[in-house]
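>>> predicted model and sequence below, questions to follow.
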Amino acid sequence: MTNDATMDAAPDRREYDRMLSGELYIADDPYLHTLGARRRRLQQLINTSDWDAFAERDRLFHELLGALGEGSHIEPPFRCDYGCNTRIGRDFYANADCIILDVAPVTIGDNVFFGPRVALYTPYHPIDAATRNEQLEGGLPIRIGSDVWFGGGVTVCPGVTIGDDVVVGAGSVVTKGIPSHSVAVGNPARVVRAIGEEDRAYWRARADEYRAWKDGR
C-alpha cells in the first residue's frame, strides 16, 4: 500500500506532459522548475569550464541532453530550455552560441553540422494578447534529418521538419519543412535547388584532389 509520503514525493508532471504534447500550458509548477534548475546548473558548468576541459564538457553534455551520439561535439557557449527533450545523433557539430529551446522534442540525425549562432525554437505563443498575458504557451517539435549543414545564424521555427542531405544558407529563417536533397535560403527560407549527382561528383573530385595533395606533400 502506498503511504502519503510516497504520494507527496511523486512529481506532478501534468503541465510537463501538456508541454510535450503541444497543448497550451503554464511553466510555473515545481516539476518544471526542478527541470529548469537542473538545466541552469549543467549549462553554467559547461559554459564556464576551462577551454581544454573537453572530457568534462562531454560528460556534462551527456548528462544535460536526452541523447548525444558518439563523436558529437558542441562548442560553448550553449543554451537550451531543458536539454532532456533534445536527442542528437552521432558526429554532430555545433559551433559557438547554439541555442535549442526544447519545450517540445528536438530530434537531430547523424552527421549534422551547425555554424555559429544557430537557433532551434520549439515554443509558440498565442497571437491573442489576453491569452498570452495569462502566461499560456505551447511548443511544437523540430525534426532534422541526417547529413544536414546549417550556415551561421540559421533560425528554425516551431513544428518544422527538415529532411536528409539538406543545406540551409546563413541567416535563413526556416518556417516550413524542407525536403531531402535540397538547398534552402532566405527569410522565410525557400528551396532554391535540388542537390544532385553533379554536386556529389564535383565535391568528391575536390576531396580526391585534397587527399592526393596530402599523400604527396
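Arrived safely, thanks for sending. Numbering: from 1, shown residues only.
>>> what strand or helix carries the most centrally placed residue in the chain?
The residue at the geometric middle of the chain, judged as the C-alpha nearest the mean C-alpha position with Cα atoms, centre = their mean, is residue 100 (4.5 Å). In this structure, residue 100 is located in strand 98-101 according to DSSP states H and E.
>>> other SSEs contacting that strand?
Strand 98-101 is packed against strand 78-80, strand 119-121, with contacts defined by 3 or more Cβ pairs under 8 Å, 6 or more residues apart in numbering; DSSP states H and E. In this view, the C-beta of every residue, glycine as well, is placed from N, C-alpha and C.
>>> could the ones you listed be laid out in JSON lines, adding distance to residue 91 and mean neighbour count?
Shown next, in JSON lines, are the helices and strands packed on strand 98-101 (distance: least, Cβ to Cβ, whole Å; neighbours: other Cβ atoms under 10 Å):
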{"stretch": "strand 78-80", "distance to residue 91": "17", "mean neighbour count": "20"}
{"stretch": "strand 119-121", "distance to residue 91": "18", "mean neighbour count": "21"}
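>>> mind putting these in CSV, distance to residue 182 and mean pLDDT included?
Rendered in CSV, the data for the helices and strands packed on strand 98-101 read as follows (distance: least, Cβ to Cβ, whole Å; pLDDT from 0 to 100):
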stretch, distance to residue 182, mean pLDDT
strand 78-80, 27, 98
strand 119-121, 18, 98
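>>> show me where the protein has helices.
Taking DSSP state H, the helices of the chain run over residues 4-9, 14-21, 30-47, 54-64, 129-132, 197-216.
>>> quick one: least confident helix or strand in this structure?
Scoring the helices and strands of the chain by mean pLDDT, DSSP states H and E places helix 4-9 at the bottom, with a mean of 49.
>>> on that earlier part again, mind putting the helices and strands packed on strand 98-101 in a markdown table, distance to residue 201 included?
What follows is the helices and strands packed on strand 98-101, written out as a markdown table (distance: least, Cβ to Cβ, whole Å):
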| stretch | distance to residue 201 |
| --- | --- |
| strand 78-80 | 36 |
| strand 119-121 | 32 |
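>>> residue 149: which of these is closest?
Comparing the helices and strands packed on strand 98-101 by their distance to residue 149 (Cβ to Cβ), the top pick is strand 119-121, with 14.6 Å.
>>> contacts for that closest one, please.
Strand 119-121 is contacted by residues 98-102, 106, 142, 144, 154-158 when judged by Cβ atoms under 8 Å, 6 or more residues apart in numbering.
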